[in-house]
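Asker: Prediction below, plus the sequence it came from.
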Amino acid sequence: MSYLAPGTPENVALAQHVNGRLRAEARIANARAFLFRALGFGTFVALAGLGLGGAFYGYAAMNDVRGASDKLAAALTTALNDVTLKTKGEVTLTDNTLKLDGAPPARGRPDVSALTGNQGKSEAPASAAVRTSFTVFKTVPFLDGSIVTGWNFKGDEAKPEKQYCYVTRPQTFGDGATSNQTTVAIDGEVLPQPARSEVNFSVIARSCVWFDPSKL
């Protein structure tokens, strides 16, 4: 119910005021929508710019790395081409044999006949005596290994100067195989039994073959 009669100045003024307010609110709504659209477009442009910038930066970095590697290769090539190696020495050919003065003698298989033929005739002092020593081994099978007794002789002695007995058993480490050697007795005397040992020294020593002139 309206207290104002239609067409009165007051009603006209009220209608104009209402229309003006509606237009103002419509403009505000349009401005707000434009602001949101502008923000969205700006965000899109910014993200697109960042993507393009990252792509160009990666491309430039790749080209820079390739350029640096090419420069390094070129520098190394130039350096190697400019290097001059200098050596000192004299090479002579004698009897179709290449020799280098000042070089150590070649290591090869010695001439056994020359060594044995010159025994006692070397350049050593006359007081130096040539002694010959050798070892005789006696082997007894033991499980997957063996018990070995060694007799150490010096010269023409009829009795060994030293004797030792050890047990050896094969062992496998990875793809390779080796042997484990444990000395159990020396000169007939059994060594002390270690605290952590898989071998019983007293039992093994019974199979040692000690030197006995009466059994020779």
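Answerer: Sure, I can see it.

Asker: Isn't Phe201 up against Glu189?
Answerer: No. Judged on CB atoms under 8 Å, Phe201 makes no contact with Glu189 at a distance of 10.6 Å. Bear in mind the C-beta positions are built from the backbone N, C-alpha and C, glycine included.

Asker: ranges for the strands of this structure?
Answerer: Using DSSP state E, the strands of the chain run over 91-94, 97-100, 133-142, 145-154, 162-173, 176-186, 189-190.

Asker: mind listing what Thr132 touches?
Answerer: Lys154, Gly155 (CB atoms under 8 Å, 6 or more residues apart in numbering).

Asker: what about this structure, any weak spots by pLDDT?
Answerer: 1-7, 63-69, 79-129, 216 (pLDDT under 70).

Asker: How is it partitioned into domains?
Answerer: The record's domain split for the chain, according to automatic domain parsing, is 1-70, 129-215.

Asker: Deepest in the core, which of the strands of the chain is it.
Answerer: Of the strands of the chain, the one with the most neighbours on average (mean count of other CB atoms under 10 Å) is strand 145-154, at a mean of 17.

Asker: And that one, what does it pack against?
Answerer: strand 133-142, strand 162-173 (3 or more CB pairs under 8 Å, 6 or more residues apart in numbering; DSSP states H and E).

Asker: Any chance of TSV for those strands, columns distance to Phe56?
Answerer: TSV is the format used below for the helices and strands packed on strand 145-154 (distance: least, CB to CB, whole Å):
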stretch	distance to Phe56
strand 133-142	79
strand 162-173	58
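
Asker: between those, which gets nearest to Ala29?
Answerer: Nearest to Ala29 among the helices and strands packed on strand 145-154 is strand 162-173 (85.9 Å), distances taken as CB to CB.

Asker: Quick check: which of the domains of the chain is buried the most?
Answerer: Comparing these by mean neighbour count (mean count of other CB under 10 Å), domain 129-215 ranks first with a mean of 13.

Asker: Excluding chain neighbours, what is closest to Asn200?
Answerer: Gln193 (7.4 Å; CB to CB, 6 or more residues apart in numbering).

Asker: wait, doesn't that neighbour sit right on Phe201?
Answerer: Yes. Counting by CB under 8 Å, Gln193 touches Phe201, with 5.0 Å between them.
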